[in-house]
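1. The following block contains a protein sequence and its predicted model.
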Amino acid sequence: MSNADIYHEMIVDYSRNPINYGKIEDHDVTFHDSNPLCGDSIDIDMKIDNDKISDIKFHGKGCAICMACSSVLTEIAKGKNIDEVRNISKNDVLGELGLEHLQAVRIKCALLSLKVLKSALYSYLGKHLKNSDDVDKLKEEAASLY
């Protein structure tokens, strides 16, 4: 079995049996976004305790790549502190599933959950930052995501 076959099986398995799928009713932050080109629609809920992602779940619908990447991303983020999550890159997510050379038409599917996660995190931080310089840095960081 080749690496490509293994990654393909992982994507299919994650899409059929997503990890961290569901809602957090008492979340600290939630965010939604969609990809109108293919119909993917993802919400991410997070519980944040002592600057750590203590719980994270996603829900919505999407293609196999979107669902697999959402599962992988929530696994990566869970238990990490806010700064570690801010530094999660597209390569971290794509590399877990062997999607580093994904076609441009599918990249939005793969990275929708990362966009939602970062937007949720920036929303949370924006409400909790007191220093205007930090808010400006956060806006710059958010603007350079894609």
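-> Nice, I can see it.
2. Tell me the buried residues in the host helix or strand of residue 13?
-> Element membership for residue 13 (DSSP states H and E) is helix 3-16. By 16 or more other C-beta atoms under 10 Å, the buried positions in helix 3-16 come out as 10-11, 14-15. For every residue, glycine as well, the C-beta is placed using N, CA and C.
3. Give me the residues contacting the helix or strand following it.
-> Going down the chain from helix 3-16, the next helix or strand is strand 29-35, by DSSP H and E. With C-beta atoms under 8 Å, 6 or more residues apart in numbering as the test, strand 29-35 has contacts from 24, 40-46, 48, 60, 62, 66, 108-109, 112, 115-117, 119-121, 123-124.
4. hmm, which of these are the buried ones?
-> Neighbour-count burial (16+ other C-beta under 10 Å) is assigned, among the contacts of strand 29-35, to 24, 40-46, 48, 60, 62, 66, 108-109, 112, 115-117, 119-121, 124.
5. got the contact list for the helix holding residue 13?
-> So helix 3-16 is contacted by 63-65, 67-68, 71-72, 97-99 (C-beta under 8 Å, 6+ apart).
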